[in-house]
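[1] What shape does this take:
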Amino acid sequence: MVPEANNTTATEAVDASEWGKFVGQYLEGYFKLNPSFAVYQGRHEYDGKLPDWSAAGLKAQADYLKKTIADARAFDASTLSKEQQFERDYLIAAAEGELFWLEDADQPHRNPDFYISGLDPNVYIARPYADATTRMKAFIAFAKQVPAAAINIRANLKTPMPLSFIDFGKAGFQGLADYYVGDAKAAFAEVKDEALQKEFDAAAGAASEAMKDLAVWIESGRATATQDFALGPDKFARMVLKTEGVGVPIAELEKVGWADLRRNQAALKEACGTFAPGATIQACMAKMNAHKPEGGPVAGARKQLPNLKQFLIDKDLVSIPGTEEAQVEESPPYNRQNSAYIDIPGPYEKGLPSVYYISPPDPAWTKEVQNAYIPGERDLFFTSVHEVWPGHFLNFLHANRAKSLFGKVFVGYAFAEGWAHYSEEMMWDAGLGDGDAQTHVGQLSNALLRNCRYLSAIGLHAKGMTQDQSRQLFLTECYQDEGNARQQAARGTYDPAYLNYTMGKLMIRKLRDDWVADKGGRKAWKAFHDAFLAHGGPPIPLVRKAMLGGEAQAVF
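    Below you'll find the model as predicted:
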């Protein structure tokens with residue numbers, strides 16, 4: 001069932017002031033330079049268009065961000081309201097963060113991940129924003145641009161590449177190649193226009209071949225592959241500062257991460273003492289994981305979501321704006337580098353469903369590794385918390401109704417993932433599971449996974465950790481299965497910001513405790529959650545400043 005439309009959309013309540021006009025002009029210019037992003041937000045006049053990934057196109061993106069930052073800083077603060085000053089800081093932070101990835105980290109020339117999301121046609125396939133014929137025409141226009149984009153991608157990516165980047169790029173581009181002529185073709189089978197189907201086949205076939213060629217080219221670099229994936233300590237420190245406003249020294253960040261890991265390990269030991277008395281931690285985790293969701297994880301998650309929503313209502317933990325619901329499906333083959341994720345329509349869309357995707361195990365793995373990868377029912381329970389109630393899905397229900405137009409469109413990594421991960425522990429603390437030890441083991445399994453992401457990001461990019469040492473960390477300190485450990489260690493090489501799950505969670509938890517301290521403590525959780533989510537998705541230090549005053553700083 002398609003949900004009801006949002007009560008407010010990104011096109012309503014436009015700020016007519018000079019600052020409001022500036023934000024609107026910035027967004028329009030940004031959408032023109034990043035049409036894939038615009039389409040994802042629901043701006044379908046950009047359907048079928050891809051970004052310009054030529055050298056000139058990349059320079060134009062960087063120049064636009066630099067000019068925007070300078071122009072935003074030039075606004076006289078005395079002419080801006082408190083809300084506008086906040087939005088200005090938010091805009092500058094978002095632009096500086098993107099500029100870091102473009103120039104400082106040099107992602108367009110180093111990392112295939114920079115391109116793969118832009119080549120994803122899922123919005124045309126899975127979002128019913130228009131009839132199938134209209135969306136099919138948009139896909140055809142999109143597919144016709146893919147071969148030229150592939151030429152720019154190959155020209156941009158520098159070789160030799162790190163081995164994990166080759167693995168990721170090959171899987172990503174080959175997966176897209178298969179998707180264009182496979183699931184995408186099947187999605188438009190209902191369109192009976194023979195000429196349009198013929199045009200689709202030609203465009204999708206050419207796009208598929210271009211992606212196959214990219215996959216083959218990347219694979220050809222395997223013999224000379226490197227392990228040169230690290231940003232290095234200086235760039236890593238700039239990453240957390242420029243993308244999330246966190247100016248904490250790396251040594252202190254690492255100390256914070258180990259402290260939270262040990263806290264969760266101690267809680268796991270206690271929970272296992274009840275759930276699996278006398279067993280090792282690994283055996284306890286295996287026992288929890290052996291209880292698989294009935295009918296598989298997709299069917300299991302579908303059963304979990306109504307119960308989680310009802311728990312939020314019964315405990316009055318956070319407001320639920322609107323009546324939208326999330327669907328649950330198996331993730332497409334080209335996007336299975338993570339076990340679960342959610343695709344949420346942007347703020348310019350009306351009445352479209354969100355889809356919570358769950359990935360099956362890699363068929364190339366052994367049966368034992370595949371079985372271990374399939375989550376236990378209680379593990380999946382907290383993944384559903386993370387992705388839907390009250391995690392990402394609820395976050396975006398609030399963000400899509402934010403007062404700030406900018407806040408509707410730009411939701412940051414640490415805000416989104418920090419909130420979703422914070423939600424897992426918050427729900428347990430609020431009584432989810434009624435103190436059941438197996439349920440607590442499931443929650444802690446997810447927490448420990450994110451602890452090792454945090455520590456691996458720092459280790460891989462600032463401390464000389466190898467990918468295999470990261471894999472061992474996931475196995476020995478966070479008690480993950482072999483398949484997850486392999487995936488997560490590899491992901492850390494090309495996603496250095498995946499520390500944001502734990503980093504964001506810890507900042508939110510500290511902000512909550514400080515904010516409710518003089519407002520009734522736990523009784524004020526709902527008020528805190530609503531106030532926090534109302535900001536959209538800026539760097540958390542900016543939210544701390546807005547809610548508590550003082551400077552915008554990271555506090556753990």
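
[2] Just give the number of residues close to Glu325.
    Each residue near Glu325 was counted by other CB atoms under 10 Å, and the total is 17. Backbone N, C-alpha and C define where each C-beta goes, glycine included.

[3] what does Pro233 give?
    Pro233: 16 neighbours (other CB under 10 Å).

[4] Excluding sequence neighbours, find me the nearest residue to it.
    Spatial nearest neighbour of Pro233, chain neighbours left out: Ala462 (4.1 Å); criterion: CB to CB, 6 or more residues apart in numbering.

[5] quick one, what contacts the one you found?
    Ala230, Leu231, Gly232, Pro233, Phe236, Ala237, Ile250 (CB atoms under 8 Å, 6 or more residues apart in numbering).

[6] Same question for Tyr180.
    Contacts of Tyr180 by CB under 8 Å, 6+ apart are Pro121, Ala143, Val146, Ala204, Ala207, Ser208, Met211.

[7] element containing the second one?
    Secondary structure assigned from DSSP states H and E places Ala143 in helix 132-156.

[8] Run through the helices of the stretch 101-250 of the chain in chain order.
    Along the stretch 101-250 of the chain, counting by DSSP state H, counting those that start in this stretch, helices occupy 107-110, 113-116, 122-126, 132-156, 163-181, 183-187, 194-219, 233-244, 250-275.

[9] Using just helix, strand and coil, how would you label the spatially closest residue to Gln145 that is not a sequence neighbour?
    Residue nearest to Gln145 in three dimensions, not counting chain neighbours: Leu50, with 4.6 Å by CB to CB, 6+ apart. For Leu50, the assignment made with DSSP: H, G, I helix; E, B strand; the rest coil gives coil.

[10] Kindly report the same for the one 3 residues further on.
    For Trp53, the secondary-structure state derived from three-state DSSP is coil.

[11] Show me what the helix holding Ala143 is packed against.
    Here helix 132-156 touches helix 55-74, helix 122-126, helix 194-219, going by 3 or more CB pairs under 8 Å, 6 or more residues apart in numbering; DSSP states H and E.

[12] and the angle from it to helix 194-219?
    20 degrees (axes from the mean of the first three to the mean of the last three CA atoms, to 10 degrees).

[13] Now do the buried residues in helix 132-156.
    Burial within helix 132-156, assessed by neighbour count using 16 or more other CB atoms under 10 Å, is assigned to 132, 135-140, 142-147, 149-150, 152-153, 156.

[14] what does stretch 200-214 give?
    Those would be Phe200, Ala203, Ala204, Ala206, Ala207, Ser208, Glu209, Ala210, Met211, Lys212, Asp213, Leu214, for stretch 200-214 by 16+ other CB under 10 Å.

[15] pLDDT weak spots in the protein?
    The chain contains residues with pLDDT under 70 at 1-14, 334-335, 337.

[16] show me where it has strands.
    326-330, 340-343, 354-358 (DSSP state E).

[17] Could you single out the most deeply buried of those strands?
    Highest mean neighbour count among the strands of the chain (mean count of other CB atoms under 10 Å): strand 354-358, with a mean of 23.

[18] give me the number of residues near the nearest residue to Ala490 once chain neighbours are set aside?
    Spatially, and ignoring its direct neighbours in sequence, Ala490 is nearest to Ser164 (4.7 Å; CB to CB, 6+ apart). Neighbourhood size, Ser164 [other CB under 10 Å]: 19.

[19] which ones are touching Ser164?
    Contacts of Ser164 by CB under 8 Å, 6+ apart are Phe229, Gln467, Ala490, Thr493, Tyr494.

[20] so what's Ala149 closest to, chain neighbours aside?
    Using CB to CB, 6+ apart, the closest residue to Ala149 is Leu50 (5.2 Å).

[21] can you check Tyr479 too?
    Using CB to CB, 6+ apart, the closest residue to Tyr479 is Met285 (4.7 Å).

[22] same deal with Gln304?
    Nearest to Gln304 is Ser384, by CB to CB, 6+ apart, at 4.6 Å.

[23] Relative to the whole chain's centre, how far out is stretch 439-448?
    Stretch 439-448 has its C-alpha centroid displaced from the chain centroid by 20 Å (CA atoms, centre = their mean, to the nearest Å).

[24] buried residues in that stretch?
    So for stretch 439-448, counting by 16+ other CB under 10 Å, buried means Thr439, His440, Val441, Gly442, Gln443, Leu444, Ser445, Asn446, Ala447, Leu448.

[25] any residues touching it, and which ones?
    Counting by CB under 8 Å, 6+ apart, 261, 264-265, 267-268, 271-272, 275, 284-285, 288-289, 376-383, 386, 421, 424-425, 427-428, 432-433, 477-480 sit against stretch 439-448.

[26] Could I get the CA-only coordinates of that stretch as CSV?
    C-alpha atoms of stretch 439-448 as CSV (Å, rounded to 0.1, in the frame of the first residue of the first chain):
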residue,chain,number,x,y,z
THR,A,439,17.4,-9.9,23.0
HIS,A,440,20.2,-8.1,24.8
VAL,A,441,22.8,-10.3,23.1
GLY,A,442,21.2,-9.3,19.8
GLN,A,443,21.4,-5.6,20.6
LEU,A,444,25.0,-5.9,21.8
SER,A,445,26.0,-7.8,18.7
ASN,A,446,25.0,-4.8,16.6
ALA,A,447,26.7,-2.4,19.0
LEU,A,448,30.0,-4.3,18.9
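
[27] Identify all contacting residues around stretch 192-211.
    Contacts of stretch 192-211 (CB under 8 Å, 6+ apart): 119, 133, 136-137, 139-140, 143-144, 146-147, 149-150, 173-174, 176-178, 180-181, 184-185, 188, 191.

[28] residues touching the closest residue to Trp389 other than its chain neighbours, list them.
    Nearest non-adjacent residue to Trp389, counting by CB to CB, 6+ apart: Leu308, 3.9 Å away. Going by CB under 8 Å, 6+ apart, Leu308 touches Ser384, Val385, Val388, Trp389, Pro390, Met427, Leu432.

[29] and the residues you listed, which are buried?
    Ser384, Val385, Val388, Trp389, Pro390, Met427, Leu432.

[30] Between these, which sits nearest Gln304?
    Of all those, the one sitting nearest Gln304 is Ser384; the distance, using CB to CB, is 4.6 Å.

[31] Nearest residue to Trp101 in space, please, no chain neighbours.
    Gln107 (4.8 Å).

[32] how much space between the one you found and Phe165?
    11 Å (CB to CB, to the nearest Å).

[33] Just want to know which of the two has more residues nearby.
    Phe165 (24 against 19).

[34] surely that one meets Thr493?
    Yes - the pair Phe165 / Thr493 is scored as a contact, 7.1 Å apart, by CB atoms under 8 Å.

[35] quick one, which of the strands of the chain is nearest to Arg509?
    Nearest to Arg509, of those and by CB to CB, is strand 340-343 at 22.1 Å.

[36] what's next to the closest one, contact-wise?
    122, 126, 326, 331, 335, 354-359, 383, 386-388, 392-393.

[37] so who does the closest residue to Glu96 other than its chain neighbours touch?
    Nearest residue to Glu96, sequence neighbours excluded (CB to CB, 6+ apart): Lys242, at 5.0 Å. Counting by CB under 8 Å, 6+ apart, Lys242 makes contact with Glu96, Gly97, Leu99, Phe100, Asp104.

[38] repeat for Leu33
    Shown in contact with Leu33 (CB under 8 Å, 6+ apart): Pro51, Asp52, Gly57, Ala60, Gln61, Tyr64.

[39] Against Ala72, how distant is the residue lying closest to the second one once chain neighbours are set aside?
    So that's Asp52. Closest residue to Asp52 apart from its sequence neighbours, by CB to CB, 6+ apart: Ala60 at 7.0 Å. Remark: distance between Ala60 and Ala72 (CB to CB) = 18 Å.

[40] Those two: which has the busier surroundings?
    Ala72 (19 against 15).
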